[in-house]
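Colleague: the amino acid sequence is not available; the structure is as follows:
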Ligand SMILES: NC(=O)C1=CN([C@@H]2O[C@H](COP(=O)(O)OP(=O)(O)OC[C@H]3O[C@@H](n4cnc5c(N)ncnc54)[C@H](OP(=O)(O)O)[C@@H]3O)[C@@H](O)[C@H]2O)C=CC1
Ligand SMILES: O=C(O)[C@@H]1CCC=N1
């Protein structure tokens, strides 16, 4: 069993812990502790065999792999607290923080600690995350981090300079796709469905569209061509959406999110 400490049991930290406790595969490999300053907010995790505490130092001492999931502005305080307990020979630090480079964390921990960035998303809670992992010279550490995040969904190792782009496309992406589903549901209600039915149809259709790409390895436009019957209703709706800037709005939103990460701290 590997001991994992998730430091910062907020939205993402909780999602990671839930995913690690949810499947037999993950639960048999990882013993998880989650910390936050107000642990009573996440006591429910204890029902799943997860240890919950406000003691970062003890959590670090008992762990091999440290996953940092505090907000970027909270990192200085956290590292100051745990620094005496960090053992460079033993610990691997995987940081989920948007916009915080591994070098920035190394300046706080002191050199010699194996640190790499990871960018999962909240679908980790149901083992459907997309996690981008920063390529690192510490190959053994990289292997261990990949193995852990493989239990939470898909993983992709990428160069450091793409970590911001991966944050927007993969992590913020959950919110972007969900907003599309909400809008589609609202449209569905306007054309006659009750809210729950509209949401089911929109969500399952989004899942089917993704699966078409993932399973057949095709391009979105190939699949779109199969739906757009000549003179039909799909192309009419699609063109109206594009006249109103659908693709452009998505691309602009992704670019703006990416630009603002530089100043996130
Ligand atoms: N939310 C997401 O979808 C994603 C988030 N991220 C990154 O993950 C990080 C967390 O984001 P998110 O979960 O949204 O934020 P949250 O604010 O929900 O979570 C941060 C948590 O850290 C805890 N915390 C703060 N200081 C300490 C400390 N010194 N010791 C222990 N726990 C502490 C806070 O709880 P308390 O106040 O009780 O201590 C809080 O619950 C960010 O850096 C973000 O960039 C990355 C990918 C996706
Ligand atoms: O919004 C944020 O800053 C964090 C990082 C990616 C998802 N949530």
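Modeller: Perfect, I can see it now. Worth saying up front: this structure is predicted, and the values here are computed from it rather than measured. Residues are numbered from 1 along each chain as shown. Ligands and ions are numbered 1, 2, ... in the order given.
Colleague: all contacts plus neighbour counts: C-alpha atoms, from now on.
Modeller: Fine.
Colleague: and the most centrally placed residue in the chain, what are its phi and psi?
Modeller: Centroid-nearest residue in the chain: residue 121, 1.5 Å away (criterion: Cα atoms, centre = their mean). When read as degrees, to the nearest 10, the backbone of residue 121 gives phi -140, psi 170.
Colleague: if we ignore the residues flanking it in sequence, what's nearest it?
Modeller: residue 171 (4.6 Å; Cα to Cα, 6 or more residues apart in numbering).
Colleague: near ligand 1, which residues of the stretch 151-265 of the chain? Just list them.
Modeller: By the rule Cα under 6 Å from any ligand atom, the part of the stretch 151-265 of the chain lying against ligand 1 is residue 171.
Colleague: re the thing from before, which ones are touching the residue nearest to the centre of the chain?
Modeller: 12, 129, 130, 131, 170, 171, 172, 174 (Cα atoms under 8 Å, 6 or more residues apart in numbering).
Colleague: the residue nearest to residue 121: neighbouring residues, count only.
Modeller: Counted with other Cα atoms under 10 Å, residues neighbouring residue 171 total 22.
Colleague: ok, it to residue 44 distance?
Modeller: 24 Å (Cα to Cα, to the nearest Å).
Colleague: doesn't residue 89 lie inside a strand?
Modeller: No: using DSSP: H, G, I helix; E, B strand; the rest coil, the secondary structure at residue 89 is coil, not a strand.
Colleague: and it, what are its phi and psi?
Modeller: Dihedral pair for residue 89: phi -70, psi -30, per degrees, to the nearest 10.
Colleague: the helix or strand residue 214 falls within: which residues count as buried?
Modeller: Counting by DSSP states H and E, the element that carries residue 214 is helix 195-216. For helix 195-216, burial by neighbour count (16 or more other Cα atoms under 10 Å) applies to 195, 198, 199, 201, 202, 203, 206.
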